[in-house]
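J.: Fold the stuff below for me.
(3 chains)
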Amino acid sequence: MKLTRRTIMALAACSTALIAQPFAASAQDLPRNVRMVIGSNSTGGDTYQAASIVADALAEELGINIKVDAVGPSEAFKAVGRDSRGTTIMLHHDQSYLANLYGVPGNPDPFEGYVVGPTLTINPGNAYLVPKNSPYQSMDDVLQAAGDGERVRVAIQPGGVSEIGFTAMRNAARMASPGSEENIVAVNTGSQSDKNQAMFDGLADVINGSIQANEQFAELPEDDQKAMRFLWITATQEALEQGPEAGVGNLTREDMMQYAAPATTVPMSESEPFTFDKEFFLIYNQEMDPAQMETIDTALATVFENEELNQRLLDAFFIPDYRPMEEAAAHLQQKRDDYATVIESLKAPAAQ
Amino acid sequence: MSELLRVTVDFDRSHLIFPTLIGGILILLGLAILLTHRRAITGAGAMWAETLAGMDKIRFFGTLVLTIVYFLLMVPVGNLWPNTGLGFLICSIPFVALIGILYMHERDARGLVPMLIVSVVAPTIVWWLFTYVFALTLP
Amino acid sequence: MAIFEFLTPMFVFLIFAGTLVGIIFGAIPGMTATMAVAVCLPLTYSLGLDNGLALLLGLYVGGISGGLVPAILLGIPGTPSSITTTFDGYPMAQRGEGEKALRIGIVASLIGGLVSLAALFFFAPALAEFAIKFSYVEKFLIIFFALTVMAALSEDMLLGIFSGFLGIFISLIGVYDVTDGGNGQYRLIPPGTEYWLESGFSLLPVLIGLFGLATILEGAEAGMPKGQSLKDIEVGAHSRFSWSVFKGQVANLLRSSGIGTFVGILPGVGGSAASILSYTATKTSSKNPDSFGKGNPAGIMASEAGNNGLTGGALVPLLSLGIPGDSTTALLIGAFTLQGIQVGPLFIGNNPMTWDSMIFAMLIANIFMFGIMYFAIRWLAMVVAVPKHILFPVILMMCVIGAYTINYGIMFDVWTLLIFGIFGWLMVKLRLEVAPFIIGFILGPSAEIYFVKSLESFGTLSIFFTKSWIAMLLWVLILGSVIGSALLARRKSRERAAGTSG
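T.: Below is the predicted model:
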């Protein structure tokens, strides 16, 4: 049991090694005790899970302790910004730069003033749903309805991951018929339960949700007030393909593909469909020793070759997605710039 | 009638609705208190003089000063040994001991010894439990 | 029998261990059931689902119950949901009836736990169906009803209500949180303090500051008078617990358990509202409401039956909708997904074995909780006999740990503790009232969200009256509570007038 292992660790840690540690550490070594702050306040959510699975494997590989602290986005940025010794690292997902792009206060740009590190894993669950008896059978119906002057109310949590798909819908509506994006309106809500409730109350026609949280609602019979139907899954085909074949509940991998690009498309530009994978990655202090970052990268490369970690991630419906730091930074920067273009162009009044 | 009750909420400014409403109510209640409790308010100076005269100044301000020093030192000391919780442990032992001595009435060996034992043992147990068994972050 | 597949000695032992650790967490001021579950969540991966859940449910039941110990003996609520227990429990302890108060609290906790468990077992899907009829409007009215207790708890009506609104006002400082449905903008932050105040003041440090540090400061101001001696705890027959205190309280216990369960079922109303609401309801319907807050056993029963009623209630939406009923059950979702089990409307049907094992675990945890606490009372009550110069510094240290760890390591939370400790001391001097203040502070954020969202969604003030029959029923309760408090205040002032003239 873990408790006994912890006890032994405690005894070991109480010994002199711990007291001598700050003087003994050499440059490329990571400190013995690392704190991983995450951009979520919840220890029950996907960010915490991804963090704890990766942190466990990484800690074992490096032979150090890593504690995951769910301090929330702004405190996490502060904590990592204060500490350049490598004793604090941050784990977050696309919310980090999306909140900044949407202009939510308290959210710095992670690409400025921080170092964006390796990507780790994807949660491919981001989805949009309608009530089971909704007239909308596909995303095309939704865009068509907006084009015909019908108001489509979409329940989202504003300012981040939950809003980006909504932004994409508006962008697509404008491409199809300029001005019709005004017919796709946000119902600003909070948690998943608020979004579901907005649908039950008849306040929203489409809601943002996730495969994991909403799949069972999609299995309910149509006469149930709570019954829902998937309309769109924003993940890329590549991400879904790596997922477990059995999928989640009654929704197999093949079913999921039907709701994702290219089977279901919401265009981002003339040639490209919009896709969004919720990727988890590390963020470092700008002044942290590059050798330490290198050490983490090497260790991550090793653990991601290990079947055990990948299987653990897949069991919890995460897609392993390790990219070394530089490749990851370039990839995320590109992703950010693409979304920034869409968000910015929708803001422009000339578009109306 | 229904026209009078109609409200439109601008989402971008919706963060101000409730604070304004509550602030307004607070001002009204504050005015009502000013009117009904005039005598108590004018007597406030005397009340404070009495409080200060009657208070155990050493214990009261001693507690405040010790607590502030304790809070101020915890993080810098903890930063010497990052993420080990030692800042908490090293600062808590003298803090508990000093507050204990401050609150004691007869400062003789019979009282001091158990108190000093507690001031070493309690923080150590707590530190060990939280850092290693529960794996929580301490300063 | 199928139940023996999960009902192993290990299963029972884990429930016992969980309940015990939970009680300890709950009993330490500043540590909560949520935190107990959070720190043990990683252990459940290696334990497997049934055993892991056994541990977590034990922690949950124990953590919610343990809060009554410091609430009664020290006047410091161990968890936010035991605030209302301090109102009557602490006065009883000060009268030397600490042991009796503890026993009352524990029995009420057990009843609350069992009633809610029965509700969970027999009616979970139907209750969840009913819960989704509660939109923003009904949820606001429920919070509003809970807020009306501010008036009932006030010594001086005007100052009490002012304190309550001040509590709401201070709870609004900081960001209008997007995760609750806000727009992420700041308000009420004094310029230059954004770095610290952007997320406002956290509930737990405020709570232990107002109740813990402020009490210690008052003690220091008075020169630390010597505490009760061991003899005081056992004096006289009047402190002896007897089952006859429950005579005539069956309705109270059932109502409070029911309210607790129902608040648990409503996602987003919040755990601490359970005990506040059942306390409000009991006080409103009592024949002599002015005895509340002065050591009336019925107050402890309402509060403890209410907060333990939460335990079964909060599992209803979790297991029948996949939506957590409070912050602790939100963590249980993590335990399920780590094991690759989906929670949603089909959970109970798809996982009958896990469902059975959870019900059994809750039942056993409630029995252990009762057993452990009931027989530990004699020792627990001795806390009061520990000299203050040893007890107070250790409590202070525990408060610091609680504040620092509640949000996983934020130093500003520790400063919050100090700020509200001093503020709590000042409030007493200014004759502002702490009880209505903290109730306003707890309920303020949800009141805001549901009020603003109701207007945002429906666009008219009349919606509060016309939304549904549930809304109208809630108005009846609100009016009952307000009128009750007004009559009480009038009687009090008349008595005071009679007292001065005679």
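J.: low-confidence ranges in the stretch 1-150 of chain A?
T.: The stretch 1-150 of chain A contains residues with pLDDT under 70 at A:1-28.
J.: give me that answer again for 90
T.: A:1-30, A:41-45, A:105-106 (pLDDT under 90).
J.: Can you tell me the closest non-neighbouring residue to residue 83?
T.: All of this refers to chain A. A:N285 (6.0 Å; CB to CB, 6 or more residues apart in numbering or on different chains). (Each C-beta comes from the backbone N, C-alpha and C, glycine too.)
J.: actually it's chain B I care about, not the one you picked
T.: A:N33 (3.7 Å).
J.: Who is the one you found paired with across the strands?
T.: Beta-bridge pairing for A:N33 (DSSP bridges): A:N65.
J.: okay, now residue 306: neighbour count?
T.: Because you didn't say which chain, this covers chain A. Each residue near A:N306 was counted by other CB atoms under 10 Å in any protein chain shown, and the total is 13.
J.: Hmm, no, I was thinking of chain C.
T.: C:G306: 36 neighbours (other CB under 10 Å).
J.: C-terminal to the one helix or strand it maps to, what's the next element?
T.: Element membership for C:G306, per DSSP states H and E: helix C:297-321. Heading C-terminal from helix C:297-321, the first helix or strand you meet, by DSSP H and E, is helix C:327-338.
J.: mind listing the strands for chain A?
T.: A:33-38, A:65-69, A:88-93, A:114-123, A:126-131, A:152-156, A:184-188, A:206-210, A:228-233, A:278-285, A:319-323 (DSSP state E).
J.: how big is the angle separating the third one from strand A:278-285?
T.: I take that to be strand A:88-93. Going by axes from the mean of the first three to the mean of the last three CA atoms, to 10 degrees, strand A:88-93 is angled at 160 degrees with respect to strand A:278-285.
J.: mind giving me the domain split of chain A?
T.: A:30-123+A:278-340, A:126-276 (automatic domain parsing).
J.: actually chain B, not the one I typed
T.: B:2-51, B:55-133.
J.: May I see those domains arranged in a markdown table, with mean neighbour count and mean pLDDT as well?
T.: Converted to a markdown table, the domains of chain B look like this (neighbours: other CB atoms under 10 Å in any protein chain shown; pLDDT from 0 to 100):
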| stretch | mean neighbour count | mean pLDDT |
| --- | --- | --- |
| domain B:2-51 | 13 | 91 |
| domain B:55-133 | 18 | 93 |
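J.: can you tell me which of those comes nearest to C:V434?
T.: Of all the domains of chain B, it is domain B:2-51 that lies closest to C:V434, at 16.9 Å by CB to CB.
J.: List phi and psi for the residue nearest to A:Q292 when sequence neighbours are not counted.
T.: Nearest residue to A:Q292 in three dimensions, chain neighbours excluded: A:G86, at 4.3 Å (CB to CB, 6+ apart). Main-chain torsions, A:G86, degrees, to the nearest 10: phi 80, psi 10.
J.: on that earlier part again, with mean neighbour count and distance to C:G334 as added columns, please give the strands of chain A in a markdown table.
T.: Output for the strands of chain A, formatted as a markdown table (neighbours: other CB atoms under 10 Å in any protein chain shown; distance: least, CB to CB, whole Å):
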| stretch | mean neighbour count | distance to C:G334 |
| --- | --- | --- |
| strand A:33-38 | 24 | 13 |
| strand A:65-69 | 22 | 12 |
| strand A:88-93 | 26 | 16 |
| strand A:114-123 | 24 | 14 |
| strand A:126-131 | 25 | 19 |
| strand A:152-156 | 23 | 23 |
| strand A:184-188 | 22 | 26 |
| strand A:206-210 | 25 | 14 |
| strand A:228-233 | 23 | 23 |
| strand A:278-285 | 24 | 15 |
| strand A:319-323 | 21 | 19 |
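J.: between the ones you listed, which one is nearest to B:N83?
T.: strand A:33-38 (3.7 Å).
J.: any idea of the angle that closest one forms with strand A:88-93?
T.: Using the same axes, to 10 degrees, strand A:33-38 lies at 30 degrees relative to strand A:88-93.
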